[in-house]
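Trainee: Following is a predicted model, sequence given first.
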Amino acid sequence: MSFIDEHPLDWPRPEVPQLRDLFVRAYKREINAEGIADLAGIVPGTFPYHDNMRTTWTELMNVMALQGKLRKMVEVASNDPTTAYQQRFAEMLEEHPSVPRQIPKSGDWWKGPDQDVNSTRKLHLERLLEKRSQIFDINLAYKVTLAAQSVAKLVLHFEGEKAYGTGFLIQPNLILTNYHNVFHERYGDIKAVTAEFDYVQRFLGSPIVRQGKVDNIVKNAEHDWAVVELVDKVDRDPLALGTPYTVSKDDTVIIIQHPLGAFKQFSIDPLSIQYVDEEDKIIIQYLADTQDGSSGSPVFNVELHPIALHHAEAEEKIEINGREEIVYRNEGILMDKVMEGLQANGIEFKRNK
């Protein structure tokens, strides 16, 4: 039996919160959630109204599962051409849907100024109130579009599981991604990997898809990076790595990614960087949005120089004026540290100067 046909829903099972997160990202407004629930045949008067959409979708899934209509609601979403997650909803109808790879974070891993709930609340309010400029030079949009052509959705096949991640070209035949995207703590080494470079909503043209070689992956577990060689080269410019500029707290961050294994998207966040590891020079931590499936994404500065390799995310629930809010904390491996490893393994790459 598929997880969407069960009641009560097994929330510790990773597919269940993954489906909830898909609904949250695809239908961000209450009126849209009501619409899809109505199309699925929800019993009138049973829609669960809450202060935030995350809680709303959690309870709506429980309600629809109780009424035996969760599968129908997923089917409705899978046939909705207006959402970037249409195919992912369709995959959730399968008996064993894939789940994006992630690194769970807990304890005191976060080094930013908001290390406890009270300071998190204070920082969140400050970010809402402060005058953060959301205006950027149009040239930045052009640079993002160019860089995005070298970023790929990775379809990852392990012995007993299919998963998703993100990676990007550093040579015409080499993809840089995370170690945890190619090694599973339960199933071991990856058995097959496919790179989809044009998994973009309403893409016109012939998409570029390449198979990766799995018998010669160069990987580093300590710093969570891996390089996958493609069977055939890609006729696109690889991303030059690193930056001559200093990476500092409060810098703007841009992340091109395939969140939840969906179409290619990007997040941009002014004053995003909260911590830079000045001592060991291994990690940075930032607040720009990501999701499961974003692991292996390039983290850029405003010059569109890759300054880090995104590899981990955690979320924190805080209360703001009586309402529950979710704040995200993200971590990347500094690109200089990754470049050291690449160089030590004889892997050639371009460097930003």
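Mentor: Structure received.
Trainee: Only C-alpha atoms from now on, for both contacts and neighbour counts.
Mentor: Will do.
Trainee: Once you drop chain neighbours, what's closest to residue 334?
Mentor: Nearest residue to residue 334, sequence neighbours excluded (CA to CA, 6 or more residues apart in numbering): residue 308, at 4.3 Å.
Trainee: For the stretch 101-250 of the chain, which segments count as strands?
Mentor: All strands of the stretch 101-250 of the chain, identified by DSSP state E, counting those that start in this stretch, fall at 151-157, 162-171, 174-177, 183-184, 188-189, 192-196, 209-211, 218-220, 225-229.
Trainee: re earlier: tell me if I'm right that the residue nearest to residue 334 and residue 299 touch.
Mentor: Yes. Between residue 308 and residue 299 there is a contact at 5.0 Å, judged by CA atoms under 8 Å.
Trainee: If you count surrounding residues, which of those two has more?
Mentor: More crowded of residue 308 and residue 299, by other CA atoms under 10 Å: residue 308, with 29 against 26.
Trainee: host element of that one?
Mentor: Using DSSP states H and E, residue 308 sits in strand 306-320.
Trainee: Now for this protein, the helix or strand with the poorest mean pLDDT.
Mentor: Within the chain, confidence by mean pLDDT, DSSP states H and E is lowest for helix 117-129 among all helices and strands, at a mean of 50.
Trainee: What pLDDT does the model give the residue lying closest to residue 180 once chain neighbours are set aside?
Mentor: In space, and not counting its chain neighbours, residue 180 is closest to residue 224: 6.5 Å by CA to CA, 6+ apart. Note on residue 224: pLDDT of 97.
Trainee: Could you pull up the residues touching the residue nearest to residue 334?
Mentor: 242, 283-284, 298-300, 332-336 (CA atoms under 8 Å, 6 or more residues apart in numbering).
Trainee: do the same with residue 77
Mentor: 36, 86, 89.
Trainee: now it: how far from residue 137?
Mentor: Taking CA to CA, to the nearest Å as the measure, residue 77 and residue 137 are separated by 36 Å.
Trainee: repeat for residue 63
Mentor: For residue 63 relative to residue 137 (CA to CA), the value is 46 Å.
Trainee: Between those two, point out the one with more neighbours.
Mentor: Using other CA under 10 Å as the criterion, residue 63 and residue 137 rank with residue 63 on top: 21 against 8.
Trainee: before we move on, which element is the more buried one in?
Mentor: Residue 63 belongs to helix 53-66 when elements are defined using DSSP H and E.
Trainee: related to what we said a few turns ago, in a markdown table: the strands of the stretch 101-250 of the chain, plus distance to residue 312.
Mentor: Rendered in a markdown table, the data for those read as follows (distance: least, CA to CA, whole Å):
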| stretch | distance to residue 312 |
| --- | --- |
| strand 151-157 | 17 |
| strand 162-171 | 12 |
| strand 174-177 | 12 |
| strand 183-184 | 15 |
| strand 188-189 | 20 |
| strand 192-196 | 21 |
| strand 209-211 | 25 |
| strand 218-220 | 16 |
| strand 225-229 | 12 |
